[in-house]
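> Curious how this folds, go ahead:
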Amino acid sequence: MKRSIGMKSSYVLTQKSVDYEITKISAGNFALGYETKSGLFVVEYFGRSDTDLNHEIKKYIDRYERFKFFYASSPKSAFVKECKNYHAFDKNKIVNKSHPEKPENTDYECPYCKQ
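A predicted model of the protein is given here:
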């Protein structure tokens, strides 16, 4: 079954492309992976930043080929979206094996499992 992460185009994961595409300092979500010959983006890892999406994605340069991203309106909304992705994807097909951690100094709960 095809999964949607709610993010549009994918981009080559380089410092230059991250800086070009992610221009706001913002919380947000991202997916990392590769593109098949037919143009399908295959997610290998997803994550979030509670403060600076651009900075967080750059930590994965040279480890993944492509990225997708989504600006979040707040750290809480980024956490909720990351939880949604965690519960939607087959853990055998992605690097993420552990439930996302809540942002520091918050009492947010995952709306899908109350963790």
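
> quick one: average pLDDT of stretch 70-88?
When pLDDT is averaged over stretch 70-88, the result is 94.

> Give me the secondary structure label for the most centrally placed residue in the chain.
Closest to where the C-alpha atoms of the chain average out (Cα atoms, centre = their mean) is Phe30, at 2.3 Å. Classification of Phe30 using DSSP: H, G, I helix; E, B strand; the rest coil returns strand.

> Name all residues that make contact with it.
Neighbour list for Phe30: Met7, Phe46, Gly47, Arg48, Ser49, Leu53, Glu56, Ile57, Phe67, Lys68, Phe69, Phe70 [criterion: Cβ atoms under 8 Å, 6 or more residues apart in numbering]. Quick note: C-beta positions are derived from backbone N, CA and C, even for glycine.

> and what of Tyr64?
So Tyr64 contacts Leu13, Leu32, Gly33, Tyr34, Glu44, Tyr45 (Cβ under 8 Å, 6+ apart).

> Make TSV out of these and add distance to Glu104.
Below are the contacts of Tyr64 laid out as TSV (distance: Cβ to Cβ, whole Å):
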residue	distance to Glu104
Leu13	26
Leu32	23
Gly33	27
Tyr34	31
Glu44	26
Tyr45	21
